[in-house]
Structures are given as C-alpha cells and as structure tokens.
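K.L.:
Fold the following.
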Amino acid sequence: MTKMRVGLKVYSNDWYLKYNLSYTQAADLLSEWGVNFIIAQSKVLPMPDTAVKSEVPPELMERYQSYDDVKFREALRKNGIEYWATTLFFMDRVALEENPSYKAYGENGKPMQQIDWYEGIPPTMQKHVDFKSGLYENAVRILQPDGIHFGFMRWPQFWELWMPEHKRSELIEYSFDKISLKRFMEDRNVDLPSLEAYEAAQWIKANVYTEWVDWKCDVVRLVIKQVKDNCAAIKGDIKTALNTVPFGKADYDNAEEQVYGQSFEKLSGVIDLFEVMAYHQILKRPVEWIPQIGREVKARSERTTVCTLQGEPLYTEGMHASYGRKTSIDIAEFQSAVEAVVAEPSIDGLVLFTWADLLKQVYVDKDTRKVDILKAAARARG
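P.N.:
I've put the predicted structure just below:
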C-alpha cells in the first residue's frame, strides 16, 4: 500500500471569516489533523455557490478584503501540505447569462433548464475555455500551487440525481447544440442531415453514436490538455486533478463516457490525480460501493486515485425531498466509509467534503470524533 493521502475540500473561507484562524493556525491545524493536501477555491479562482455555500456573504465582505491567498498558500507549504487550486469549469451562471450561445441542448431537442442550482455549459464553447484557462494561468502565476483541480470538467448533466431506482432512458443526454454539432462534423468528417437538436440526436444515435461518444471524450481531454499546457509554461511541474463522476462502465450503460465524456483511459494521459466523488448518501449507495468505484477508476486510469467522502448529508430538502435519501451520516457510518477506503490497497487516499463542515463540528458542536477518524486514517499506512 502507498502512504495514505488525506485531503480536504476547502470550498469556502469559513476558517478565516467565521473562525478567525490565522494562516499559520489554519495550516498547523490541518497538519495536526493528518491532512497532507487540500483542494481549494481562492480570490484568484473564486467559486460560486453549489450544494454548498462558497460565496462570501455581504456581512463578511469587509473582513474578506484583508484575506491574502498567498499567505495561506505559503503557510501550507511550510507545513508540507500540497495546495491544489480549483474552480468550477463548465458550471458558470454569469457566463451563461452573458453568453446565450453557451446553452446546452438535449437529445429531446429542448434547451437545458436549471436543475436546482445547476446548469452546465458544453465543453465545445472555446471562448469559455480560453477564459477559464486564463484564470487558471493567473492562479498558477500568483499562487504557485502544486496542482490544478478541474471542477465540472464534463458534458452537462446533473449526476447527483442518478440513483439506483433510475434507468438510463429516463435521463437526458446533452449537448446537441449547433456549435457542438458543427465541431463534431468538422473534427470527424461527418455530414449530419440536420443541425436541429432533436433530428441530429436521433440520427447520431442511429448511425454514428460510437464516433460521437469517442469525440465527446476527446473534447474533454483536449480542454484539459490546453489548460495544463498553458499552466505548465508558467510552472513546469504543475499537476492536474479531475473532479471525477463516480460511475463505472456498467452504470447506466456507460453514461460516464456517453453522457459525461469522462473516459478514464483517455484522460490518464493528461490527469495525474483522479478525485472520485464517492458520495454514497447522495447516490443512495452502501458504504461498500465507495472502494468499488475507486478501484475501477484506479484500474482503468492507472493514475493516483482518491475517493472523496461526505462528512454530512446533502440533497434532503426541496426538490430532493421525495427521493428518500438518508438524512444523516452517523459517526459509525463515517468511520466505516473511511476504513473501507483505507483497507482498499489500490486506492491512494481520501478527501473529505468539506472543511467547513468539519470546522463546525469541532468549534460549534465541540465534537472531534470525525477529526480523530481522519487522524487514524493518516496513520494507517505509516
């Protein structure tokens, strides 16, 4: 077994804004908890709200003005904690509002509508790719991170709704918009009989679907390659991590590739670390499923693979209330999830989603049990 990688997703600035930790205190605390890498948003790469709150509330904006990403990054470096800079790539509400042409279209011929907080952008939107690449390049220049992490690096769909009771036929594949269809024709020398979404989707599925899926996976790979190459020109040893949708070949007729365009085999040439979103409560899966999906990603990619675990339940209210997800993750279940990952020799580590949840448990609830479990995980492989 390799030494255990223990990470945290730092998707908010709660540690600084709410708990008043200094840069050194925060880094020391992470080190004490056994954390050796973080995946973090920043002023340089800000993150919009998703299922978790990442945006700075107005009442804390004044304090946020004093925050310095570089000082936090340097404190982490001194403690030997890797820093992976991240933001959301193809999920950007402002970009969608400013660019109507970014709209995704489904195989049903209809434009994608916002689902809860989510609406995706097709990865064929080169103007958007160039804009996001510029943000990553600036982050690498300023922060000198160990790596860059890609959130929402995929074709549009809301994967969190894909639970065991659902069938592939119930879910819509995107994106058959005109920009994507024209690029497919150019890249693969295919003549489509129509550029209307519904007609094109039906023809593609009946005639060139294998080619279409292969092309979708290539589009994602090429976007990552573009950003990685641009960032490597600034920092030659930069590494890349992928926010990986947790489905295997057998799940929903290989939706991982067909719907999301994430081919673990293709991406192994441009991704150094696969961060698998093994959110078992969201997807209504047993704890035993977590190492299974991690093992498949590792076997197919042959790259460093970590499983991200939930610290708290999500999607239990509003439009999600009828799905019957569990409304709690008790300490025994959390410990079982962590131990299942540690016990799987092919998996290189785990990430906890999120640091804000853990801080609340420690400082507000006065409960350190999950921290103790993380510490034990860090020690488990020496």
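K.L.:
any idea whether residue 9 is helix, strand or coil?
P.N.:
Three-state call for residue 9 (DSSP: H, G, I helix; E, B strand; the rest coil): strand.
K.L.:
Oh, that last question was meant for residue 120, not what I typed.
P.N.:
Secondary structure state of residue 120, per three-state DSSP, is coil.
K.L.:
What's the local residue count around it?
P.N.:
Residue 120 has 25 neighbouring residues, counting by other CB atoms under 10 Å. In short, each C-beta sits where N, CA and C put it, glycine included.
K.L.:
What residues does the closest residue to it other than its chain neighbours make contact with?
P.N.:
Leaving aside its chain neighbours, residue 120 sits nearest to residue 156 (2.7 Å; criterion: CB to CB, 6 or more residues apart in numbering). By CB atoms under 8 Å, 6 or more residues apart in numbering, residue 156 lies in contact with 90, 104, 112, 119, 120, 121, 122, 174, 175.
K.L.:
Next: residue 218.
P.N.:
Counted by CB under 8 Å, 6+ apart, residue 218 has contacts 187, 266.
K.L.:
where's it, which helix or strand?
P.N.:
For residue 218, the element it lies in under DSSP states H and E is helix 209-232.
K.L.:
Show me which positions of that helix end up buried.
P.N.:
Neighbour counts over helix 209-232 (16 or more other CB atoms under 10 Å) mark 212-217, 219-221, 223-224, 226-228, 230-231 as buried.
K.L.:
and the very next helix or strand once past it, how far out from the chain's middle?
P.N.:
As assigned by DSSP H and E, the chain's next helix or strand after helix 209-232 is strand 239-244. When C-alpha coordinates are averaged (CA atoms, centre = their mean, to the nearest Å), strand 239-244 and its chain have centres 8 Å apart.
K.L.:
Repeat that for stretch 235-245.
P.N.:
12 Å.
K.L.:
contacts for it?
P.N.:
With contacts defined as CB under 8 Å, 6+ apart, stretch 235-245 is touched by 39, 84, 86, 140, 144-154, 159, 224, 227-228, 231-232, 256, 260, 262, 264, 267, 270-277, 297.
K.L.:
What about those residues, which are in helices?
P.N.:
Members of the contacts of stretch 235-245 lying in helices (criterion: DSSP state H): 140, 224, 227, 228, 231, 232, 256, 264, 267, 297.
K.L.:
Isn't the fifth one up against residue 149?
P.N.:
No - at 11.7 Å, residue 231 does not count as touching residue 149 under the criterion of CB atoms under 8 Å.
K.L.:
Which elements pack onto the lowest-mean-pLDDT helix or strand in the chain?
P.N.:
Least confident helix or strand of the chain, by mean pLDDT, DSSP states H and E, is helix 61-64 with a mean of 88. Here helix 61-64 touches helix 14-17, going by 3 or more CB pairs under 8 Å, 6 or more residues apart in numbering; DSSP states H and E.
K.L.:
Who are the packing partners of the helix it packs on?
P.N.:
When contacts are defined as 3+ CB pairs under 8 Å, 6+ apart, helix 14-17 packs onto helix 61-64, helix 355-363.
K.L.:
Can I get those in a markdown table including mean neighbour count and distance to residue 343?
P.N.:
Formatted as a markdown table, the helices and strands packed on helix 14-17 follow (neighbours: other CB atoms under 10 Å; distance: least, CB to CB, whole Å):
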| stretch | mean neighbour count | distance to residue 343 |
| --- | --- | --- |
| helix 61-64 | 11 | 41 |
| helix 355-363 | 20 | 22 |
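K.L.:
Output those helices as CSV; include the columns distance to residue 302.
P.N.:
What follows is these, written out as CSV (distance: least, CB to CB, whole Å):
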stretch, distance to residue 302
helix 61-64, 41
helix 355-363, 29
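K.L.:
low-scoring stretches of the chain, by residue?
P.N.:
Under the criterion pLDDT under 70, the flagged ranges of the chain are 1.
K.L.:
so where do the strands sit in it?
P.N.:
Using DSSP state E, the strands found in the chain span residues 5-10, 37-40, 82-88, 147-151, 239-244, 273-277, 304-310, 349-353.
K.L.:
picking up where we left off before, I'd like the distance between the residue nearest to residue 120 and residue 119.
P.N.:
7 Å (CB to CB, to the nearest Å).
K.L.:
any common contacting residues for the two?
P.N.:
Applying CB under 8 Å, 6+ apart, one finds that residue 156 and residue 119 are jointly contacted by 104, 112.
K.L.:
Tell me the bridge partners for the residue nearest the centre of the chain.
P.N.:
By CA atoms, centre = their mean, the chain has its centre lying nearest to residue 243, at 2.9 Å. Here residue 243 sits in beta bridges with residue 275, as judged by DSSP bridges.
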